[in-house]
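> Pasting a predicted model and its sequence here:
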Amino acid sequence: MNSNNQDLKSKYLPDFVYGGIDGSVTTFAIVAGVTGASLSPTIVLILGFANLFADGFSMAVSNYLSTKSKKEFADKIRKSEEDSIKNVPEEEIQEIRDIFAEKGFSGSQLDDAVEIITSNQDVWVDTMMKDEFGIFEDHTSPFKSAAVTFVSFNLIGFIPLLAYVLSYFSEFFRTNTFTLSIILTSVAFFIVGSVKGRIVEKRWLISGFETLLIGGAAAIIAYVVGYLLRGLA
């Protein structure tokens, strides 16, 4: 169970968090802009849902292609190193020796380190990829990463629209729609930002308020633009 939780955190939780931040920020910016322009709640929902599905899909595809490209590049380098070990092992051994010499190994310690590393091809290749090319292989599934991003973008990004959806069923939400949307979205900003802080090992309180301020700034800009252009509607 602990291994599975750690695997989720290291692989897919960042995709969920950043997808959620992007979804909530962009959707609430639309809500604020449309409200600033004094357009109807129906327009908010139309543009909001269009943003959720279109931008969410675009972000997921971009994440998929980015993750896939990184994996393909890492696979290419690994294959190249495996071929070099097979065809010119002496040169590759010398490269390992040079790498560990730069790390401060010398004499018998250096000889032992080189012997240990080169006795296992997988370890040998991993060492070359990390120390020569700076590549740390990522076993994240491009499809799963994209799916998590899409779900997160839509799930968290829906929160700014929740008050507008509920306004069709409740008088309270109908008369306080934008205010409630601000409150719900602010809570979402803070929570997602706090989780992001945990991932990047930053103080969760600071990260939460940072995300809240960034999202709020985007919303204010969108509201002002919408207000200034309201006469064109």
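Structure's in. What do you need? Bear in mind the structure is a predicted one, so any value in this text is a computation, not a measurement.
> my read: residue 158 touches residue 27, true?
Yes - using Cβ atoms under 8 Å, residue 158 makes contact with residue 27 at a distance of 7.4 Å. C-beta: built from backbone N, CA, C; applies to glycine.
> Now the common contact residues for these two.
Residues touching both residue 158 and residue 27 (Cβ atoms under 8 Å, 6 or more residues apart in numbering) are residue 52.
> Which of those two has more residues huddled nearby?
Between residue 158 and residue 27, residue 27 has the larger neighbour count (other Cβ atoms under 10 Å), namely 29 against 17.
> Which secondary structure elements does whichever strand or helix holds the more buried one sit against?
Secondary structure assigned from DSSP states H and E places residue 27 in helix 13-36. In terms of contacts (3 or more Cβ pairs under 8 Å, 6 or more residues apart in numbering; DSSP states H and E), helix 13-36 is packed against helix 41-87, helix 142-157, helix 159-166, helix 177-199, helix 204-228.
> In JSON lines: the ones you listed, plus mean neighbour count, distance to residue 106 and mean pLDDT.
JSON lines is the format used below for those (neighbours: other Cβ atoms under 10 Å; distance: least, Cβ to Cβ, whole Å; pLDDT from 0 to 100):
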{"stretch": "helix 41-87", "mean neighbour count": "16", "distance to residue 106": "24", "mean pLDDT": "91"}
{"stretch": "helix 142-157", "mean neighbour count": "22", "distance to residue 106": "43", "mean pLDDT": "92"}
{"stretch": "helix 159-166", "mean neighbour count": "22", "distance to residue 106": "59", "mean pLDDT": "92"}
{"stretch": "helix 177-199", "mean neighbour count": "20", "distance to residue 106": "39", "mean pLDDT": "87"}
{"stretch": "helix 204-228", "mean neighbour count": "17", "distance to residue 106": "43", "mean pLDDT": "84"}
